[in-house]
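**Student:** Return atomic coordinates for the entry below.
(chains A and B)
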Amino acid sequence: MLHLIGLWLFCAGLWLILSGYFNIPLLLVFGALSCALVVFIAWRVEKADPEDQPLHLKIGPQAILYWPWLVWQIVLANLDVAKRILDPKLPISPTMIKLKPTQHSEVGQVIYANSITLTPGTITASLSDGVLEVHALTQEAADSLLEGDMDRRVTALERSNA
Amino acid sequence: MTWLIDLLSGLALLGGVFFVIVGGVGLLRMPDFYTRMHAAGITDTLGAGLILLGLMFQGGWTLITAKLLLILIFLWLTSPTASHALFKAALADPSNSQPLLHKEPPSSNS
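**Tutor:** A predicted model of the protein is given here:
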């Protein structure tokens, strides 16, 4: 019940930001009603197809630490790939590696796989049975993933969310 | 103060344009489909991110900035999903060439 109220508040906030109407009562009521309809449908769908692990995003201290760190990693990786593209010799060394993520939940593994793909120079090719296949543009990018720094941080994020 | 905001905005927009162009150059220079995807990744992370940041400086503390921030969040959530789907689809079709690797066999770890 609590997460349905949370969902309604989230939808209503999104509606307010996207519409920009704060002082026309008729439109505000329409907005509130459409959000209620969305929550009702979500509640019906959840009863028909209960996920064993519904997505609960909590803003904890780990999340506040993780997202800025990820943005910084993305900036560094961008600069590295951009430098290689502009280098006349094109110093790339494409590599495929397999990783065993240490996250337990599917949400945690998906956050890790998406973080890898979002960082230029590495793309997740597949995630099945807890094994990630990653295509890396350079050997260095693959090696830094094998060190597992990002993996540890996502696992810490997952633990703080549980 | 407005000149400072204009300066920051201009720098962010220029940086964004630079990374979009570099992404395009990379798309042309890379040897195969899979490495081209890495170059395209520059365009939709730092390229789009810096351009949106530059526009946010112009928007100031308004609803426009909030919407631009939402665009950035949705873009950064959906683009890795799309990249992954594209990569997997290309790899799944046996008539496509396999990724070029700089050494055989690929190193693996468990």
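
**Student:** any idea how far A:S126 is from the residue positioned nearest the centre of chain A?
**Tutor:** The centroid of chain A falls nearest to A:I111 when counting by CA atoms, centre = their mean (4.4 Å). Note on A:I111: its distance to A:S126, by CB to CB, to the nearest Å, is 16 Å. From N, CA and C alone the C-beta is placed, and that goes for glycine too.

**Student:** again with A:S105
**Tutor:** According to CB to CB, A:S105 stands 18 Å off from A:S126.

**Student:** For burial, what's the neighbour tally of A:L132?
**Tutor:** 20 (other CB atoms under 10 Å in any protein chain shown).

**Student:** Check which helix or strand it maps to.
**Tutor:** strand A:131-136 (DSSP states H and E).

**Student:** Same question for A:M96.
**Tutor:** Element membership for A:M96, per DSSP H and E: strand A:95-99.

**Student:** just checking, next helix/strand downstream of that strand?
**Tutor:** helix A:106-118.

**Student:** Who are the packing partners of that next one?
**Tutor:** Under the contact definition 3 or more CB pairs under 8 Å, 6 or more residues apart in numbering or on different chains; DSSP states H and E, helix A:106-118 sits against helix A:61-86, strand A:122-128, strand A:131-136, helix A:149-161, helix B:63-92.

**Student:** Who are the contact partners of A:H135?
**Tutor:** A:94-96, A:122-123, A:125, B:34, B:87, B:99 (CB atoms under 8 Å, 6 or more residues apart in numbering or on different chains).

**Student:** err, B:L50, not the other one
**Tutor:** Residues in contact with B:L50 (CB under 8 Å, 6+ apart) are B:12-13, B:15-16, B:19.

**Student:** Residue 62: neighbouring residues, count only.
**Tutor:** Picked chain A for this. 18.

**Student:** right idea, wrong chain: chain B
**Tutor:** The burial count for B:T62: 12, using other CB under 10 Å.

**Student:** Ok, A:W67 next?
**Tutor:** For A:W67, using other CB under 10 Å, the count is 14.

**Student:** pLDDT value on it, please?
**Tutor:** In this model, A:W67 is scored at 87, pLDDT.

**Student:** nearest residue to A:A12 other than its sequence neighbours?
**Tutor:** With CB to CB, 6 or more residues apart in numbering or on different chains as the criterion, A:A12 has its nearest non-adjacent residue at 4.9 Å, and that residue is A:C35.

**Student:** So B:T35 is in contact with A:S93, correct?
**Tutor:** No - B:T35 lies out of contact with A:S93 (CB atoms under 8 Å); the separation is 10.1 Å.

**Student:** just checking, what packs against the lowest-mean-pLDDT helix or strand in chain A?
**Tutor:** Across the helices and strands of chain A, mean pLDDT, DSSP states H and E gives its lowest value to helix A:149-161, namely a mean of 84. Here helix A:149-161 touches helix A:61-86, helix A:106-118, going by 3+ CB pairs under 8 Å, 6+ apart.

**Student:** Put the alpha carbons of the last one into CSV.
**Tutor:** Yep, that's helix A:106-118 we're talking about. Taking C-alpha atoms only, helix A:106-118 is exported to CSV below (Å, rounded to 0.1, in the frame of the first residue of the first chain):
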residue,chain,number,x,y,z
GLU,A,106,18.6,-9.0,-10.6
VAL,A,107,18.2,-5.2,-10.1
GLY,A,108,21.7,-5.0,-8.8
GLN,A,109,23.1,-6.9,-11.8
VAL,A,110,21.1,-4.8,-14.2
ILE,A,111,22.4,-1.6,-12.6
TYR,A,112,26.0,-3.0,-13.0
ALA,A,113,25.4,-4.1,-16.6
ASN,A,114,23.9,-0.7,-17.5
SER,A,115,26.7,1.2,-15.8
ILE,A,116,29.2,-0.8,-17.9
THR,A,117,27.3,0.0,-21.1
LEU,A,118,26.8,3.6,-20.3
